[in-house]
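In: Build me a model:
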Amino acid sequence: MKFGMQLFPWERWPDLRSIGPVVRTAEEVGFDGVAFSDHIAPPRASEAVTSGKSRPEIYVLAAHLAALTERIRLVFYATVVPYRGAVHQAKLASTLDQVSNGRFTMVVGAGWLEAEFDALHVSFADRGDITDEYCRAMITLWTQEEPTFAGKHVRFEPVTFEPKCVQRPHVPLWIAGSGRRPMRRLVEFGSGWAPMAGDVATLARQVAEAKDAVRAAGRDAEELDFAFGISFGEPDRLVEKASEHVGESKTERLAGSRDQIVDLVGRYQEAGFTYLSMSSAWDKPSDLQRRLEWFAENVIPQFR
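Out: Below is the predicted model:
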C-alpha cells in the first residue's frame with residue numbers, strides 16, 4: 001500500500017511558499033505522493049461548495065514542489081481535463097514529468113461544476129466527449145514521433161512535440177469516477193482507477209469487475225493501481241462540505257484511533273486498493289506536519 005497527502009483545503013495555507021516545507025516533511029517521513037485538486041475559476045456563488053477562494057494553477061505549483069523534492073509523486077487528483085486545451089495540456093504534463101524525473105500521475109476527471117465550465121467557455125454537456133478525445137489526443141502527442149489527430153474537439157496536422165514524458169509510454173492516467181463511461185476509459189487507456197465514493201464492500205466488487213474488464217480487453221489487470229481518499233482523526237468540515245457532490249452517504253472514510261485507522265486501511269487493501277490519499281483536519285501547516293509525522297510513525301509501517 002502506498003500513501004499520499006492532500007494539499008486541500010487550499011485556503012488554509014498562509015501562502016503558497018508554505019506548502020514546500022510540509023511536502024518535504026511528508027517525503028522524509030515516508031509518504032509516497034501529494035494530491036492536488038483542480039479548479040481554475042469557480043464562480044463566487046460556488047465558494048461554499050468548492051471551499052474558499054484560493055485555487056492555484058496546479059501545474060505551476062507541482063513544478064515548484066518537484067524542484068524541492070526528490071521522491072514523492074505528484075498526483076493531480078483529479079485533473080479536470082476539459083479545462084485546458086489538449087495540446088497545451090499535453091505539453092504541460094510532459095514538461096512536468098521531465099522536471100520531476102518521472103514523478104507525475106494524472107487522475108483524469110471530466111468535471112462536475114457547470115458554472116465553472118460556463119466561466120471557462122467550455123461545453124458542460126460535451127464534457128465527457130471532450131475528456132475522451134483530449135486524452136486520446138494527448139496520448140498521440142506523447143507517443144508518436146510526428147503526431148497528427150483529427151477529432152471533433154481537437155485536431156492537428158503533423159507537429160513537432162517535445163519533450164516526451166520520462167515515463168513510458170506516457171504519464172500514468174488514473175481514471176476518476178464510477179459508472180460506465182469511466183470504466184470505458186479505464187479499459188481503453190487507464191493505468192489506474194480512482195472512484196470518488198462507495199462503501200468498502202461495493203468498491204471491492206467494482207475493483208474486481210474493473211480488473212475483469214481490463215483482462216477481457218487483453219491487458220494486464222495486475223499492473224493497475226486503485227486509489228481512494230480517506231480521512232483520519234477528527235472530521236474536517238471543509239473537506240466534508242467540498243465532497244458533498246460525489247455522494248458520501250455510504251462512503252467509509254473516517255477513522256479515529258490508530259487501531260481504527262489500521263483496520264480501515266487494511267480493509268481497503270483487501271479490497272484491492274494500492275494507493276490511499278490521506279487527509280486530516282488542520283488549521284496551520286505545523287498542525288498538518290505533526291499529523292503526517294504521527295501517521296508515518298503509527299500507520300505506514302504496518303503496510304510496508
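In: any idea where the strands of this structure begin and end?
Out: Under the criterion DSSP state E, the chain contains strands at 2-6, 33-36, 73-80, 104-109, 149-150, 155-156, 173-176, 192-194, 225-232, 254-255, 275-279.
In: between the third one and strand 2-6, what angle do the directions make?
Out: The reference is to strand 73-80. With axes from the mean of the first three to the mean of the last three CA atoms, to 10 degrees applied, the angle from strand 73-80 to strand 2-6 works out at 60 degrees.
In: what's in contact with strand 73-80?
Out: With contact meaning CB atoms under 8 Å, 6 or more residues apart in numbering, strand 73-80 is reached by 4, 6, 32-40, 58, 62, 65-66, 96, 100, 103-111, 176, 194, 227, 229, 277. The C-beta positions use only the backbone N, C-alpha and C, and glycine is treated the same way.
In: do the same with stretch 158-167
Out: For stretch 158-167, contacts defined as CB under 8 Å, 6+ apart pick out 87, 90-91, 93-95, 97-98, 100-102, 104, 141-143, 146-148, 170-171.
In: rerun that using 10 Å as the cut-off
Out: 87, 90-91, 93-105, 138, 140-149, 170-172, 191 (CB atoms under 10 Å, 6 or more residues apart in numbering).
In: residue contacts, the nearest residue to residue 256 once chain neighbours are set aside?
Out: Distance criterion CB to CB, 6 or more residues apart in numbering; nearest residue to residue 256, sequence neighbours excluded, is residue 233 at 6.7 Å. Listed by CB under 10 Å, 6+ apart, the contact partners of residue 233 are 254-257, 261, 278-282, 291, 294-295.
In: what about residue 233, distance to residue 116?
Out: Distance of residue 233 to residue 116, computed by CB to CB, to the nearest Å: 30 Å.
In: coming back round to it: any figure for the gap between the residue nearest to residue 256 and residue 264?
Out: From residue 233 over to residue 264 (counting by CB to CB), the distance is 12 Å.
In: And for residue 280?
Out: 13 Å.
In: which residue packs closest to residue 83, ignoring adjacent ones?
Out: Nearest residue to residue 83 in three dimensions, chain neighbours excluded: residue 40, at 5.5 Å (CB to CB, 6+ apart).
In: Many thanks, have a good one.
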